[in-house]
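Visitor: here is a sequence with its predicted model. Questions after.
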Amino acid sequence: MERTFVMVKPDGVQRGLVAKVINSFEQKGCKLVALKMMKIDRELAEKHYGEHKGKPFFTPLVDYIISGPVVAMVLEGKDVITAARNVMGATNPLQAAIGTIRGDYGMDIGRNVVHGSDSPASAQREINLFFLPEEITEWSRTLETWIFE
Ligand code: UDP
């Protein structure tokens with residue numbers, strides 16, 4: 001079973017989309033194993049988005065992500081990284097398909113509502129940045145065999 005890091009960004013929280021975003025992942029079949037609201041400080045934001053350091057959108061991106069509370073979560077499931085990215089849609093909400101979170105709720109690449117890890121290595125890194133091991137709850141879902149063959 002794979003894990004991924006997902007977060008409702010400050011615009012999603014301010015716009016009251018937390019429950020809708022979580023619901024999109026739950027209804028897809030992703031299993032929630034950690035969840036918290038938090039404020040990200042500049043140091044954590046710069047670490048989280050370290051791969052974008054030096055790009056023109058880096059400072060506005062960091063300012064945006066620390067501008068208000070976020071809701072961070074860990075999701076579990078077979079191929080959950082890909083599944084969650086599909087639920088989110090393309091990075092730019094204008095290119096994201098209708099039916100995806102970004103396609104349904106976004107208008108601007110700099111306000112795209114949700115983050116999700118893009119690879120197993122970044123998922124591992126981001127889960128460790130945002131969660132202590134004891135904040136992740138292992139539980140067995142009785143529905144599992146109706147979601148995964
Ligand atoms: N971003 C931006 N302008 C850009 C590219 C990216 O504001 O031209 C922001 C956007 O919020 C995006 C984040 O930077 O979600 C990280 O970019 P990445 O390419 O990693 O996209 P993601 O993995 O979030 O889809």
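Guide: Arrived safely, thanks for sending.

Visitor: quick check: which ranges of this structure have low pLDDT?
Guide: Across the chain, nothing is flagged by pLDDT under 70.

Visitor: what residues does it put near the ligand?
Guide: Counting by C-beta under 6 Å from any ligand atom, the chain comes close to the ligand at Phe57, Leu61, Thr91, Ile109, Gly110, Asn112, His115, Asp118. For the C-beta atoms, the positions are set from N, CA and C on the backbone; glycine is no exception.

Visitor: is it true that the third one touches Arg111?
Guide: No - using C-beta atoms under 8 Å, Thr91 is not in contact with Arg111, being 11.8 Å away.

Visitor: these two: which is more packed in?
Guide: When Thr91 and Arg111 are compared for neighbours, Arg111 comes out ahead with 17 against 14, by other C-beta atoms under 10 Å.

Visitor: contacts only, for the more buried one.
Guide: Taking C-beta atoms under 8 Å, 6 or more residues apart in numbering, we find Arg111 in contact with Lys9, Asp11, Tyr64, Pro93.

Visitor: please name the bridge partners of it.
Guide: Beta bridges link Arg111 to Asp108, judged by DSSP bridges.

Visitor: how close does it get to Glu126?
Guide: 20 Å (C-beta to C-beta, to the nearest Å).

Visitor: tell me if I'm right that Met1 and Gly77 touch.
Guide: Yes - counting by C-beta under 8 Å, Met1 touches Gly77, with 6.5 Å between them.

Visitor: residues making contact with stretch 124-137?
Guide: With contacts defined as C-beta under 8 Å, 6+ apart, stretch 124-137 is touched by 3-5, 7, 33-34, 36, 38, 44, 47-48, 72, 74, 117.
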